[in-house]
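# Below is the sequence, then the predicted model.
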Amino acid sequence: MPELPEVETLRLGLSELLPGRTISTVDFNWPKSFPNSDGDVQRFLIGASVTKIRRRAKVLIIELTTNYSLVIHLKMTGQLVFSSSGKRFGAGHPSDSLVGKLPDKSTRVTLGFKDGSYLFFNDQRKFGWMRLLPTIEIMNLDFFKKVGPEPLSDDFTWQMFRDRLLRRPNSIVKAAILDQTVIAGIGNIYADESLWGAKIHPATRVSQLSPRDFKTLYKELVFVLKLAIEKGGSSDRNYVNAEGKKGSYLSFARVFRREGQPCPRCGTIIIKSRVAGRGTHTCPYCQRIAG
DNA sequence: CACTTGACCTGTCCGC
DNA sequence: TGCGGACAGGTCAAGT
């Protein structure tokens, strides 16, 4: 699921909801979702208050007053949903929200706060994880040492994008932009959407891209990521925001999940194939392999 | 080195 | 209806 725009939407939502709240209970409904969830972890969590929510790539970081942080990766089906009114308080919540229906059978971790509110970590497929680390150690994790630049940061330029891609000249471009060490936060949806926008076939070798291709793909990536954040992300199946509601990017999507429909640019029927081991959506007319 | 496959899991959808 | 297989937003490790 969650790619950069979904995790960023969650960060924005949780930033309005969590800071200042103090953890009072912790339930590990599925211990494997919280590696090393032993008694010590609970002791380190209870009594800690949330100070700030950060994001790096697709990882969310909830900073606590104790100089520890919760580090969370939602992988394919993870959800973080806040409820101000406790558990399963169905009445009074909008029907399009998960709040009020939680916890449920895919709830893996439940954090309770002193004021009676809760944060539920749900994850149908159990690939996601949450763990507690000293805040100063987070950036020493292998993942953070290797991860590439944030595509929406001010100092990320098209030349930087080109140079990082060119480190893998023999890779196909879709695999290269999905590689988190090349650039942070891109996943299958926004890879397909930006490649369509740049009129580049996903299986094109990086070495075959023109200077103009790099520049256009860079612009399209930044464009779709910003648009997706405005739309509250994409809810293909499971994704919901901190209030348990779906994002609306997919109603604006040009190719993703639109196989069999006309290309918005030329009218050719969008096809779905497999590229870089992933389901891939393209316009066979607009996106032809160069070289 | 780069690519593919399999693993980690549950659930849904499609064809027979 | 039931059953088997393919597939789903992500990352790892291992094999070719």
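Good, I have the coordinates.
# tell me which parts of chain A are close to DNA strand B?
A:32, A:105-106, A:124-127, A:168-172, A:175, A:205, A:276-277 (Cβ under 7 Å from any atom of the strand). Every residue, glycine included, has its C-beta placed from N, CA and C.
# and the stretch 151-291 of chain A, which residues reach DNA strand C?
Counting by Cβ under 7 Å from any atom of the strand, the stretch 151-291 of chain A sits next to DNA strand C at A:178, A:180, A:187-189, A:233-239, A:278-279.
# which of the residues of chain A next to DNA strand B count as buried?
Buried residues within the residues of chain A next to DNA strand B, counting neighbours by 16 or more other Cβ atoms under 10 Å: A:Ser106, A:Gln124, A:Arg168, A:Ser171, A:Ile172, A:Ala175, A:Arg205, A:Ala276.
# Is it possible to get CSV of those that adds secondary structure and pLDDT?
Shown next, in CSV, are those (DSSP: H, G, I helix; E, B strand; the rest coil; pLDDT from 0 to 100):
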residue, secondary structure, pLDDT
A:Ser106, coil, 96
A:Gln124, coil, 96
A:Arg168, coil, 93
A:Ser171, coil, 94
A:Ile172, strand, 95
A:Ala175, helix, 96
A:Arg205, strand, 95
A:Ala276, coil, 93
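# Kindly indicate which of these lies nearest DNA strand B.
Distance to DNA strand B, by Cβ to the nearest atom of the strand, is smallest for A:Ser171 among those, at 3.4 Å.
# In space, what's closest to the closest one - neighbours in sequence excluded?
A:Val206 (5.4 Å; Cβ to Cβ, 6 or more residues apart in numbering).
# doesn't A:Ala175 make contact with the one you found?
No. Using Cβ atoms under 8 Å, A:Val206 makes no contact with A:Ala175, being 9.1 Å away.
# list the contacts for the residue of the stretch 1-150 of chain A found nearest DNA strand B?
Scanning the stretch 1-150 of chain A for the residue nearest DNA strand B gives A:Arg125, at 3.4 Å (criterion: Cβ to the nearest atom of the strand). With contact taken as Cβ atoms under 8 Å, 6 or more residues apart in numbering, A:Arg125 is in contact with A:Lys75, A:Met76, A:Thr77.
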